[in-house]
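*Asks:* fold the following.
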Amino acid sequence: MPPKPKFTKEEIVAAALDLVSEKGTEALTARELGLRLGSSARPIFTVFQSMEEVQRQLRQAAMERFDSFAEKAVHYTPAFKQFGMQMILFAREEPRLFQLLFMTENGQARSFEDVFAELGDTARLCIGLIERDCGLTEPEAMELFRHVWIHTYGIGALCATGMCSFTEEEINEMLGHAFASMMLLIQSGKLREKTVTPKENDRTKF
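*Replies:* Numbers count the residues shown, from 1 in each chain. Predicted coordinates for the structure are as follows:
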C-alpha cells in the first residue's frame, strides 16, 4: 500500500508559488521546496512524479494569481486600459511571477497568436470588453489588443527586471496615449484596410 501523502497537491503548489514569488524560479528545487514545507523532499514525490510536473502546476497557479489580479479591471471603463494597468502593477508587485509567466526564455520564436492562446480566458475577456466599451468589431478589437498589449508588456518587463520605475500616474499616461493613438488609427480606417478583408471592411464601416 503506497504511503499516505504528508502534504496535498494544493499545499505543495502553494509553497512552490510562494518560494518562486520570493526567490525566483532558480530557487525551485526539490530540496528548497521541502525546506519551505518544513520537511525533506521525499513527500513531494509521493504526490508528484517529478519536479517538471510541479513546475507545470506552479505555472498554472501563477496564471490564476495573475488572472485574479487582472479581473479587478472589469469594474473600470474602458476596462481594457485598466487591464494594462493591472498587468504592470502585477509586474511591480510580483516581478518574479511576471518573469515566470511572460519572460521565460523560449527556444523557438512563436507567433503572437500563440502568446494570445496562452493568455487564455483573460485575453478573450479583454477582446469582449474592447468590443463593448469601444464599439469595435472583433478583428479591430484584436488589432487594438495586439498593439496595446505589446506596449504594456514592454513597460511591465522594464518594471519586473528593475530596469525602470514608473509611478502609477506615469503608467496611466503612457497607456492612455497608446490606447488613444490606436483608437484614432482604427477609426481613421487606415489600420482596418490592412487587417480585415474587403467584405469585413464593408460590413464594419463607421
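*Asks:* only C-alpha atoms for contact and neighbour calcs from this point on.
*Replies:* OK.
*Asks:* okay, now the domains of the chain?
*Replies:* In terms of domains, the chain is parsed into 1-49, 62-203 (source: automatic domain parsing).
*Asks:* since we're on Glu64, how many residues are nearby?
*Replies:* When neighbours are defined as other Cα atoms under 10 Å, Glu64 has 13 of them.
*Asks:* who are the neighbours in contact with it?
*Replies:* With Cα atoms under 8 Å, 6 or more residues apart in numbering as the criterion, no residue contacts Glu64.
*Asks:* and it, how close does it get to Glu71?
*Replies:* Applying Cα to Cα, to the nearest Å, the value for Glu64 to Glu71 is 10 Å.
*Asks:* Arg59 now?
*Replies:* To Glu71, Arg59 is 18 Å away according to Cα to Cα.
*Asks:* likewise Gly176?
*Replies:* Using Cα to Cα, Gly176 is found at 19 Å from Glu71.
*Asks:* also Pro78?
*Replies:* 13 Å.
*Asks:* again with Leu144
*Replies:* To Glu71, Leu144 is 19 Å away according to Cα to Cα.
*Asks:* give me the three-state assignment for Phe48.
*Replies:* coil (DSSP: H, G, I helix; E, B strand; the rest coil).
*Asks:* so where's the chain uncertain?
*Replies:* Applying pLDDT under 70 to the chain flags residues 1-3, 106-109, 190-206.
*Asks:* tell me which other helices or strands the longest helix seen in it touches.
*Replies:* Counting by DSSP state H, the longest helix found in the chain is helix 138-160. Packing contacts for helix 138-160, counted by 3 or more Cα pairs under 8 Å, 6 or more residues apart in numbering; DSSP states H and E, involve helix 79-93, helix 95-102, helix 121-134, helix 168-188, helix 190-195.
*Asks:* could you give the angle of the third one to helix 168-188?
*Replies:* Going by axes from the mean of the first three to the mean of the last three Cα atoms, to 10 degrees, helix 121-134 is angled at 70 degrees with respect to helix 168-188.
*Asks:* would you confirm that Phe90 contacts Phe69?
*Replies:* Yes: in this structure, Phe90 is within contact of Phe69 by Cα atoms under 8 Å, at 7.1 Å.
*Asks:* which one of the two has more residues nearby?
*Replies:* Neighbour totals were compared for Phe90 and Phe69, and Phe90 leads with 21 against 15 (other Cα under 10 Å).
*Asks:* can I get the helices and strands packed on helix 138-160 in CSV with distance to Ala16?
*Replies:* Shown next, in CSV, are the helices and strands packed on helix 138-160 (distance: least, Cα to Cα, whole Å):
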stretch, distance to Ala16
helix 79-93, 18
helix 95-102, 11
helix 121-134, 23
helix 168-188, 30
helix 190-195, 42
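*Asks:* to Ala27, which of those helices lies closest?
*Replies:* helix 95-102 (11.0 Å; Cα to Cα).
*Asks:* angle of that closest one against helix 79-93?
*Replies:* Using the same axes, to 10 degrees: helix 95-102 against helix 79-93 is 120 degrees.
*Asks:* just checking, what packs against helix 95-102?
*Replies:* helix 9-23, helix 51-70, helix 79-93, helix 138-160.
*Asks:* and of those helices, who's closest to Phe102?
*Replies:* So among those, helix 138-160 is nearest, using Cα to Cα, at 8.3 Å.
*Asks:* thanks again, I'm all set now.
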